[in-house]
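In: Requesting a structural model of the entry that follows:
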Amino acid sequence: MSQVYSVAVVVGSLRKESLNRKVARALAELAPSNLKLHSVEIGELALYNEDIDANPPQAYKTFREQIRSSDAVLFVTPEYNRSVPGVLKNAIDVGSRPYGQSAWNGKPGAVISVSPGAVGGFGANHHLRQSLVFLDVPCMQQPEAYIAGAATLFDEHGKLSEKTRPFLQAFIDKFAVWVERHQK
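Out: Numbers count the residues shown, from 1 in each chain. Purely as a prediction, here's the structure:
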């Protein structure tokens, strides 16, 4: 029996029916049997403030534990103003503190950016990768995943289009190999 790895999925959009959330759900359905993807919500995290970290709110504690107890992390994010959404950057900051106790440290990761625009979230994808380098998250390099025209990925019933399925399947299969390769 092969090892099953727990993957924290962090979606950079708060909308319940966001295209990024739909892609995250599709990836969970396509994941090979050695990955168990679970969503880690970020909407309840107060803006990071070192002053409150001496007695952190429960949302900080829960979030940090969910990341810490996962074997890997997958980011699915839109692009806001050529960068990551503020709520995602806040979650990264919350998880990286207190200094020296980062929940992200050493977790293999991957980034997929999803956008209705033509560029596919390229700016957000690369800005996020910059942060992951500092956080010691070895980030999967290939296949790069910038999904443009995301409004066409799903039909009116929320079913993933057949033209997109092979790309997402290849991405999640490669991520499974990446996660296994980077286990301690």
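In: mind checking the longest helix of this protein?
Out: Criterion DSSP state H: the longest helix present in the chain is helix 165-181.
In: Only the buried residues of it, if you could.
Out: Buried residues in helix 165-181, counted by 16 or more other C-beta atoms under 10 Å: Leu168, Gln169, Phe171, Ile172, Lys174, Phe175, Ala176, Trp178, Val179, Glu180. Using the backbone N, CA and C atoms, a C-beta is placed for each residue, glycine as well.
In: Closest one of those to Gln130?
Out: Trp178 (18.8 Å; C-beta to C-beta).
In: Number of residues surrounding the closest residue to Gly117 other than its chain neighbours?
Out: In space, Gly117 comes closest to Ala148 once its chain neighbours are excluded; the distance is 6.4 Å by C-beta to C-beta, 6 or more residues apart in numbering. Residues near Ala148, counting by other C-beta atoms under 10 Å, number 17.
In: Okay, Ala148 and Ser96: tell me how far apart.
Out: Using C-beta to C-beta, to the nearest Å, Ala148 is found at 30 Å from Ser96.
In: do the same with Asn55
Out: In terms of C-beta to C-beta, Asn55 sits 18 Å off from Ser96.
In: So between the two, which is more surrounded?
Out: Set side by side, Asn55 and Ser96 show more neighbours around Ser96, with 21 against 7, by other C-beta under 10 Å.
In: Now for the closest residue to the more buried one other than its chain neighbours: which residues touch it?
Out: Once flanking residues are discounted, Ser96 sits nearest to Ser102: 4.5 Å by C-beta to C-beta, 6+ apart. Going by C-beta atoms under 8 Å, 6 or more residues apart in numbering, Ser102 touches Gly95, Ser96, Leu135, Asp136.
In: Ok, Glu41 next?
Out: Taking C-beta under 8 Å, 6+ apart as the test, Glu41 contacts no residue whatsoever.
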